[in-house]
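Colleague: got a sequence here, can you build the structure:
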Amino acid sequence: MHLKKYITSKNEVLLYSGEPNIEMLEHLACGAGDVWHSSLEQGFTNCFQDLVYQTAVYWWFLNDIKDQDKCVCWRINVNAFVVRETVWNQINGLDMQYESSTMSGLDFGYNLLRNQAGIPLHVKGLYSPEENNIQISTEDRYTFFFKNFKRQHPFYMMLRKGIFKFPSEYKAYQKAKHSAVKYVEKIIQPKDLNPISGKPTVSLVIPTMRRQAYSQILLEDHKNQSYLIKEAVIVDATPEEERDEKYYRNEDFPFDVVVKWQTSKGSCRARNEAIDLCTGDYIIFADDDVRVLPDFVENHIRLLQTYDAAACNGLDSMAENVHQDLSDLKKRLAKIENQRWKVGVSSIFSNANSCVRRDVVQELVGNDVNFDGGYGEDADFGLSILKAGHVLLHNPFSPNLHLKPPMGGYRWWGSEAKKKGKQRKIQPWELDNPVKKIVPKPSPTITYGILKHFTPSQVKEWRVKYFFLFLFKGGVKKIPIRLIQLPYKQLQFSKSLQYAKALINLGVRYK
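Modeller: Reported below is the predicted structural model:
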């Protein structure tokens, strides 16, 4: 397609279609973003919801972000967008195998965000609002699915469309099956990181429980950083009788060590208590069982400054055993050298390795403590960053080695959740309704996060797919026994929904 050119004061070439507000381009080019558009004001909001048949509720960007002047958004109007020329050349433009240019634009934005490490942003006012009635043909829908996903996904979509639509769905399915060209991987190369500008201060947050020795090792790693943190804020739930005074001594470190002995329950509360004590311009969130290389802090700050982003999620590398060290991390990084280097918008968030501007953390208040005792608080916090209109990046320049020791840590609560009877410790998410004979699955906090961020129809589709995979993913031979297990699994799922709805009714909490 023919695109017009705009050259910035720094001699960067931007390509565009339609009639953008030219005065905005200079500023946009200096910040995060590879593509900019105003599609949410042009009728594209939440279009192509058929994606639910592939991703269910496991992709943050199924729904568009509301009420923000600027936000991550992949639904691009092909007739009104701006793109960096360097990015356009790396991805080789639009895929034209679709019947409509509308679908080509959606495919362009989808792959940019999900597969190509790109940053597509909706910018209010860049283009004039307009009305578009987005219609996607059955043939284009199946072409998209066959191009981008494994074959079971278009087949599952055909089943879910129902018997009354089967003839037309099957015809389109067969046509796309034989004509769709599979997606070929194209990754946008990261920018060269700029040196750190100014003297920003950094706070390190470590929530821990019965792992003082591991937390001390992480503090030792931070002694050797090329850019020193200002302070380490440790919130430790280790019982008083198990504490060792040889750890966390301020005189042993070239930065302040602030320790708060936690009397509340849960890692979410611990992080919130730590956030209240932080004074740095940036906050690095860490688990107590990670190791980091000497340029870890420096590269977090350099990446956020280079991309003008609010938050990033570092590369989390799982150790093979608790005895591995930084030499093992270097070996692991060398093995993935060719696959490692991509930035783009992160679709996960890890409290084990992330860096967020403190003003953004304060804007969000902190972690929702309804997740305490379970799982899903990382995803909830990351998605909250995006919903607030900020850009959350993946950072391959700041990896960690995650040791995952078998004992200690806040996941102790998770092990308690598997128990039954009097020996079982009450989980925070149980509120005043203790678990009895039926143990809820999935984890009620996971279900709570899904109810919190997705629509009722999407939750319904998630439940259908959850049990579809339970029945058929293990192979044909396992279907008879799984049919017998199905009623109990349904009871467990319903129990998980019951606890999750109770948390929804309680509302978001930070204390």
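Colleague: what segments of the stretch 101-250 of the chain are strands?
Modeller: Secondary structure of the stretch 101-250 of the chain (DSSP state E, counting those that start in this stretch): strands located at 120-123, 202-208, 231-236.
Colleague: for those, which one sits closest to residue 350?
Modeller: Minimum separation from residue 350 across the strands of the stretch 101-250 of the chain (Cβ to Cβ) falls at strand 202-208, 13.0 Å. For glycine as for every other residue, the C-beta is placed from the backbone atoms N, C-alpha and C.
Colleague: partners of residue 400 in the sheet?
Modeller: Taking DSSP bridges as the rule, residue 400 bridges to residue 292, residue 316.
Colleague: residue 508: which of the strands of the stretch 101-250 of the chain is closest?
Modeller: strand 202-208 (19.3 Å).
Colleague: CA atoms of the closest one as PDB?
Modeller: The C-alpha coordinates for strand 202-208 follow below in PDB (Å, rounded to 0.1, in the frame of the first residue of the first chain):
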ATOM      1  CA  VAL A 202      16.000   3.000  42.900                       C
ATOM      2  CA  SER A 203      14.200   1.000  45.700                       C
ATOM      3  CA  LEU A 204      14.300  -2.800  45.800                       C
ATOM      4  CA  VAL A 205      11.300  -4.600  47.300                       C
ATOM      5  CA  ILE A 206      11.800  -8.100  48.700                       C
ATOM      6  CA  PRO A 207       8.900  -9.900  50.400                       C
ATOM      7  CA  THR A 208      10.100 -13.000  52.100                       C
END
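Colleague: paired strands for that strand, with orientation please.
Modeller: Paired neighbours of strand 202-208 in the sheet (DSSP bridges): strand 231-236 (parallel), strand 282-286 (parallel).
Colleague: returning to what we had before: now tabulate the strands of the stretch 101-250 of the chain in TSV and tack on mean pLDDT, mean neighbour count and distance to residue 474.
Modeller: Converted to TSV, these look like this (pLDDT from 0 to 100; neighbours: other Cβ atoms under 10 Å; distance: least, Cβ to Cβ, whole Å):
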stretch	mean pLDDT	mean neighbour count	distance to residue 474
strand 120-123	98	25	37
strand 202-208	97	27	37
strand 231-236	97	24	41
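Colleague: mind putting the ones you listed in JSON lines, distance to residue 331 included?
Modeller: As requested, the strands of the stretch 101-250 of the chain are arranged in JSON lines below (distance: least, Cβ to Cβ, whole Å):
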{"stretch": "strand 120-123", "distance to residue 331": "35"}
{"stretch": "strand 202-208", "distance to residue 331": "26"}
{"stretch": "strand 231-236", "distance to residue 331": "27"}
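Colleague: the ones you listed: which one's closest to residue 289?
Modeller: strand 202-208 (8.6 Å).
Colleague: contact partners for residue 138?
Modeller: 168-169, 172 (Cβ atoms under 8 Å, 6 or more residues apart in numbering).
Colleague: same deal with residue 219?
Modeller: Each residue near residue 219 by Cβ under 8 Å, 6+ apart is listed here: 232, 248, 252-253, 257.
Colleague: quick check: the farthest pair among those?
Modeller: Largest separation among the contacts of residue 219 by Cβ to Cβ: 232 and 252, giving 11.2 Å.
Colleague: please identify, among the contacts of residue 219, the one with the most neighbours.
Modeller: Highest neighbour count within the contacts of residue 219: residue 232, with 25 neighbours (other Cβ atoms under 10 Å).
Colleague: low-confidence ranges, the chain, go.
Modeller: 408-423 (pLDDT under 70).
Colleague: what's the longest helix in it?
Modeller: helix 479-506 (DSSP state H).
Colleague: list the buried ones in that one?
Modeller: 492-493, 495-497, 499-500, 502-503 (16 or more other Cβ atoms under 10 Å).
Colleague: where does the residue nearest the centre of the chain land in three-state SS?
Modeller: Closest residue to the average C-alpha location of the chain: residue 348 at 1.9 Å, with Cα atoms, centre = their mean. The local conformation at residue 348, judged by DSSP: H, G, I helix; E, B strand; the rest coil, is coil.
Colleague: wait, isn't it in contact with residue 376?
Modeller: No: if you go by Cβ atoms under 8 Å, residue 348 and residue 376 don't touch, sitting 11.5 Å apart.
Colleague: any common contacting residues for the two?
Modeller: By Cβ under 8 Å, 6+ apart, no residue touches both residue 348 and residue 376.
Colleague: ok, residue 297 to residue 326 distance?
Modeller: Distance, residue 297 to residue 326, by Cβ to Cβ, to the nearest Å: 15 Å.
Colleague: of these two, who's got more company?
Modeller: Per other Cβ under 10 Å, whichever of residue 297 and residue 326 has more neighbours is residue 297, with 24 against 15.
Colleague: ok, that one to residue 313 distance?
Modeller: In terms of Cβ to Cβ, residue 297 sits 15 Å off from residue 313.
Colleague: buried ones in stretch 345-363, by neighbour count?
Modeller: Buried-residue list, stretch 345-363, by 16+ other Cβ under 10 Å: 345-347, 349-358, 360-361.
Colleague: tell me which of those residues fall in helices.
Modeller: 358, 360-361.
Colleague: got the residues you listed as CSV, with distance to residue 104 columns?
Modeller: As requested, those are exported to CSV (distance: Cβ to Cβ, whole Å):
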residue, distance to residue 104
358, 41
360, 35
361, 39
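Colleague: for residue 258, give me its contacts.
Modeller: Counting by Cβ under 8 Å, 6+ apart, the residues that residue 258 touches are 231-234, 277.
Colleague: change it to 6 Å
Modeller: By Cβ atoms under 6 Å, 6 or more residues apart in numbering, the contact list for residue 258 reads 231, 233, 277.
Colleague: now do the longest helix of the chain: distance to the chain's middle.
Modeller: 25 Å (Cα atoms, centre = their mean, to the nearest Å).
Colleague: which strands or helices does that helix pack on?
Modeller: Where contact means 3 or more Cβ pairs under 6 Å, 6 or more residues apart in numbering; DSSP states H and E, helix 479-506 is packed against helix 444-453.
Colleague: show me where the stretch 151-300 of the chain has its helices.
Modeller: Under the criterion DSSP state H, counting those that start in this stretch, helices of the stretch 151-300 of the chain are mapped to 152-160, 166-179, 212-223, 267-275, 296-307.
Colleague: figure out which of those helices is closest to residue 200.
Modeller: Of all the helices of the stretch 151-300 of the chain, it is helix 296-307 that lies closest to residue 200, at 6.0 Å by Cβ to Cβ.
Colleague: got the contact list for that closest one?
Modeller: 32, 191, 193-194, 196-197, 202, 225-227, 312, 355, 395, 397-398.
Colleague: 8 Å - rerun?
Modeller: 31-32, 119, 191-197, 200, 202, 221-222, 225-229, 282, 284, 309-312, 314, 343, 355, 357, 391, 393, 395, 397-400.
Colleague: only whichever of these are buried, select them in ChimeraX.
Modeller: Only the buried entries of the contacts of helix 296-307 go into this ChimeraX selection, using 16+ other Cβ under 10 Å:
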select :32,119,193,196,200,202,221,222,225,227,229,282,284,309,310,311,312,314,343,355,357,391,393,395,397,398,399,400
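Colleague: domain parsing for the chain?
Modeller: Listed by automatic domain parsing, the domain ranges of the chain are 4-137, 202-402, 418-506.
Colleague: count the neighbours of residue 462 for me.
Modeller: A total of 18 residues lie near residue 462 under the criterion other Cβ under 10 Å.
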